[in-house]
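Asker: structure of the sequence below:
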Amino acid sequence: MKLFPIALVLLGSICIGVASAQNVVTVNVGIKQTLCAQTSVAQANSKRSSLYETLSVYPNPAMESITIAIAETMQAKSLEITISNVLGQTVWSEATEASTDIRKEIIIAFLPQGIYCVRVLFGGVVAMRTVVVQR
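Answerer: Predicted coordinates for the structure are as follows:
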């Protein structure tokens, strides 16, 4: 199995480790390990890279709402969206049935100003984006 090094700066913290197409081993400082592992795997696997490239979260920075758009043609029965704060705590989550072209508006007016991680699980594949909420 071929391993390659990964070094990511995610929300001001460092995530380093090695990855293969099947798994990821990470060492991190100051951020929930699952965030780093899922982001690393998304970049290492071509199927995940496809979702990673087609996932849009806008506007960024945002004030009242964000729109999540996926221009993905893969077949999937479910879509799960989770928004977490920098401590890894889930502040919003929703699971719905998926379609081939997804556009979902999420009201974020209740969130305090800060940096958040948007995690999308679509067809067994995870992709993540960082969103800044400003007031």
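
Asker: contacts and neighbour counts: CA atoms only from here.
Answerer: OK.

Asker: and I106, how far from L55?
Answerer: Per Cα to Cα, to the nearest Å, I106 is found 15 Å from L55.

Asker: looking at those two, which one has more neighbours?
Answerer: Remark: of I106 and L55, L55 carries more neighbours, 18 against 13, as counted by other Cα atoms under 10 Å.

Asker: list the beta-bridge partners for the closest residue to that one other than its chain neighbours.
Answerer: Nearest residue to L55, sequence neighbours excluded (Cα to Cα, 6 or more residues apart in numbering): I70, at 4.7 Å. Counting by DSSP bridges, I70 is bridged to L55, I102.

Asker: OK, contacts around I70?
Answerer: L51, T54, L55, S56, D101, I102, R103 (Cα atoms under 8 Å, 6 or more residues apart in numbering).

Asker: which of the residues you listed has the largest number of neighbours?
Answerer: For those, counting by other Cα under 10 Å, the largest number of neighbours falls to L51: 25 neighbours.

Asker: so what does that residue look like in phi/psi?
Answerer: phi -70, psi -40 (degrees, to the nearest 10).

Asker: got it, and K77?
Answerer: Backbone torsions of K77, given as degrees, to the nearest 10, read phi -90, psi -20.

Asker: hmm, it is touching A95, no?
Answerer: No. Taking contacts as Cα atoms under 8 Å, K77 lies outside contact range of A95: 10.7 Å.
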